[in-house]
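K.L.:
Provided below for reference: sequence and predicted model.
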Amino acid sequence: MSEAEQDTKQMLKHPPLRLEQSFFDLVQIEAIKGYDRGEYETNQPELLDVEVNLASLKEPAKQWEVRLEVRLKPDEELPLPPYRLDLRGFGYFAVPNGDEDAETARMVAVNGASILYSSMREYVMMVTSRGPWGSVTLPTISFTSLTVEARGDGETDVGSTD
C-alpha cells in the first residue's frame with residue numbers, strides 16, 4: 001500500500017472533524033397565499049438570509065458548537081416566494097487533533113455550516129413536498145468565504161468575505 005493510500009485510510013478512520021450531534025430547535029414553514037409560480041420563477045428574487053455562529057466549548061475539550069439560521073421571507077417589492085421559512089439548527093462537532101486556533105475555527109465553521117445546511121435542504125424539500133406549492137429545494141451555498149474572528153469570551157464572530 002502506498003503512503004498516499006495509507007494517509008487516506010488513516011483520515012477515514014480519524015477524520016479531522018466529527019459530527020457528534022445535530023438537531024433543529026426551530027422549524028417554521030408556512031405556505032404563502034398569493035404565490036404566483038410564473039412571476040416568482042421568472043425573477044428568482046434573492047430572499048434567503050443565512051447566519052452562522054460558532055462557539056468553542058469548554059467542556060468537553062476540543063468540541064465546537066455551530067448554529068445555523070436560515071430564513072426565507074417575502075419582500076413586498078419582489079414576487080412572493082412559495083413558502084416563508086425560519087429554521088435554526090445546531091451541530092456539535094469534535095476536532096480530535098485540532099487546537100483552538102483560527103485555522104481550526106474556520107475549518108469547523110465552513111464544514112459544520114455545510115453539513116447543517118445540507119440537512120436543512122433535505123428537510124425543507126421533504127416537508128414542502130406535501131405543501132400546496134410542491135417541493136422547494138433551497139439553493140446550494142458555499143461557505144468557503146466565511147471568516148472567523150475571536151471575541152475573547154470563548155465566542156467567535158463568523159462573517160463572509162463576499
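P.N.:
Alright, I've got the coordinates.
K.L.:
for the longest strand seen in the chain, buried residues please.
P.N.:
Counting by DSSP state E, the longest strand found in the chain is strand 18-31. The neighbour-count check on strand 18-31 (16 or more other Cβ atoms under 10 Å) flags 19, 22, 29 as buried. All C-beta atoms are positioned from the backbone trio N, CA, C, and that covers glycine.
K.L.:
need the contact list for the first one.
P.N.:
With contacts defined as Cβ atoms under 8 Å, 6 or more residues apart in numbering, the neighbours of residue 19 are 91, 92, 93, 112, 115.
K.L.:
try 6 Å this time
P.N.:
residue 93 (Cβ atoms under 6 Å, 6 or more residues apart in numbering).
K.L.:
check the second one too.
P.N.:
For residue 22, the set of contacting residues under the criterion of Cβ under 6 Å, 6+ apart consists of residue 91.
K.L.:
the same query, at a cut-off of 10 Å, please.
P.N.:
By Cβ atoms under 10 Å, 6 or more residues apart in numbering, the residues touching residue 22 are 66, 68, 89, 90, 91, 92, 93, 112, 115, 116, 119.
K.L.:
quick one, what contacts the fourth one?
P.N.:
Listed by Cβ under 10 Å, 6+ apart, the contact partners of residue 90 are 21-26, 53, 65-68, 112, 116.
K.L.:
read off the pLDDT value for the closest residue to residue 72 other than its chain neighbours.
P.N.:
In space, and not counting its chain neighbours, residue 72 is closest to residue 85: 4.1 Å by Cβ to Cβ, 6 or more residues apart in numbering. According to the prediction, residue 85 has pLDDT 96.
K.L.:
do the same with the one 10 residues further on
P.N.:
Here, the pLDDT recorded for residue 95 equals 91.
K.L.:
surely the residue nearest to residue 72 is in a helix?
P.N.:
No: assigned with DSSP: H, G, I helix; E, B strand; the rest coil, residue 85 falls outside any helix and is strand.
K.L.:
wait, it touches residue 71, no?
P.N.:
Yes: at 6.3 Å, residue 85 counts as touching residue 71 under the criterion of Cβ atoms under 10 Å.
K.L.:
helix, strand, or coil at the nearest residue to residue 26 once chain neighbours are set aside?
P.N.:
Spatially, and ignoring its direct neighbours in sequence, residue 26 is nearest to residue 88 (3.9 Å; Cβ to Cβ, 6+ apart). Taken by three-state DSSP, the conformation at residue 88 corresponds to strand.
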